[in-house]
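Enquirer: Structure for the following, please:
(4 chains)
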Protein chains: 2
Amino acid sequence: MQIVAADAGVATGTIYRHFPSKAELFATVFQRVAGQEVDAVAAAAGGPDSAAIRLQRVAETFIQRALAAPRLAYALLAEPVDPLVEAERLVFRRTYAAILADLVGDGIRQAAFPPQSPDLSATALVGMLAETLVGPLSPQAADPPALPVNEFTQQTVALCLRAVSARSHP
Amino acid sequence: MQIVAADAGVATGTIYRHFPSKAELFATVFQRVAGQEVDAVAAAAGGPDSAAIRLQRVAETFIQRALAAPRLAYALLAEPVDPLVEAERLVFRRTYAAILADLVGDGIRQAAFPPQSPDLSATALVGMLAETLVGPLSPQAADPPALPVNEFTQQTVALCLRAVSARSHP
DNA sequence: AGGTGATGTGAATCCCGGTTCACTTCTTGG
DNA sequence: CCAAGAAGTGAACCGGGATTCACATCACCT
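Expert: Prediction:
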């Protein structure tokens, strides 16, 4: 809190005129920042295209934004935080999942995707995206990364699409 | 530490004869327990069967063990912990990923799976499994679960298999 | 039995950073 | 211009729990 106050150019006590506790301050910050990310992804999920195309766009948006602001993405996805902030993170992930669930639902209705639980699939997609990104995003990540950025993005998108699409030979 | 000591029937100071700090004690416990889980999954990954069958077996093992011991699984996968334990958790996940990467590599070699980065795919699989399980495992999970256990398992396994397999119409 | 090192004990210490609060400074309506 | 409330200040406080340590006990050897 001392650092935050100094950074904001105010005294520590001043923070408590605006936020009841450290946890709530941090949770609020998380909420705002996460909201922007969600908006960007939600925008990518819209449009008149097929579900597959939109899913591809969502995954690309998610990955590219994360790689463009790795520190932020790491904070949003993986960094250890107060329980209150962790709760906010859960909401954040669920929101992503909700967007993806709609998308998967559309795909099933269009018969682009085989029957499946949209919620479960959406959750799995969020898990895939988050986990594959944790490596590259981690502050002490080994550079150079194992895969060049383009290849990484393309392969991860492929994994997402295949996960919700029909297989060729079962 | 007081609780741990009481539970073990020793004085608090005694713990420090065996472990240098709380974090290292917890990390050691995590290591041991995680080791057992890894062993179980590694066993499921072996055998003469096709990569797809083995992958299915791994996913089922992972899911079933998690659901059978939800509190433990939650602690291993998601519960907020000391940074030192978090580091151990990272190792744990990487170990799973390594097992799966071998498996995916086998599948590619057998031409059962299309070309892909085994490491990336394996990481994605770990992410899918962990994320889909966090919901059901979470201590304050809404019961009854959205999906019956059998259906949940089957659908999650299907997601895993599809993610690494070829799509029917690209 | 006596000595020596390992192990056990648990109350006291210590540290740390979030939080408080008595006081000052600013803002605004009359 | 003057209350009177709002907002700002920052040094001091405080709680909690990990850690310590002076002492007791034990195990094992000669």
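
Enquirer: Now the element after the helix or strand where A:Glu88 lies, going C-ward?
Expert: Element membership for A:Glu88 (DSSP states H and E) is helix A:83-109. Downstream of helix A:83-109, the next assigned helix or strand under DSSP H and E is helix A:118-137.

Enquirer: Tell me what angle that following helix forms with helix B:118-137.
Expert: 130 degrees (axes from the mean of the first three to the mean of the last three C-alpha atoms, to 10 degrees).

Enquirer: Just the CA trace of helix A:118-137, in PDB.
Expert: Extracted C-alpha coordinates of helix A:118-137, given in PDB (Å, rounded to 0.1, in the frame of the first residue of the first chain):
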ATOM      1  CA  PRO A 118     -21.200 -25.800 -24.700                       C
ATOM      2  CA  ASP A 119     -20.300 -24.900 -21.100                       C
ATOM      3  CA  LEU A 120     -17.900 -27.800 -20.600                       C
ATOM      4  CA  SER A 121     -16.200 -27.200 -24.000                       C
ATOM      5  CA  ALA A 122     -15.900 -23.500 -23.300                       C
ATOM      6  CA  THR A 123     -14.300 -24.100 -20.000                       C
ATOM      7  CA  ALA A 124     -11.800 -26.500 -21.600                       C
ATOM      8  CA  LEU A 125     -11.000 -23.900 -24.200                       C
ATOM      9  CA  VAL A 126     -10.300 -21.300 -21.600                       C
ATOM     10  CA  GLY A 127      -8.100 -23.800 -19.800                       C
ATOM     11  CA  MET A 128      -6.200 -24.600 -23.000                       C
ATOM     12  CA  LEU A 129      -5.500 -21.000 -23.800                       C
ATOM     13  CA  ALA A 130      -4.500 -20.000 -20.200                       C
ATOM     14  CA  GLU A 131      -2.200 -23.000 -19.700                       C
ATOM     15  CA  THR A 132      -0.400 -22.700 -23.000                       C
ATOM     16  CA  LEU A 133       0.200 -19.100 -22.300                       C
ATOM     17  CA  VAL A 134       1.400 -19.400 -18.800                       C
ATOM     18  CA  GLY A 135       4.800 -20.800 -20.100                       C
ATOM     19  CA  PRO A 136       5.500 -17.900 -22.400                       C
ATOM     20  CA  LEU A 137       4.100 -15.300 -20.100                       C
END
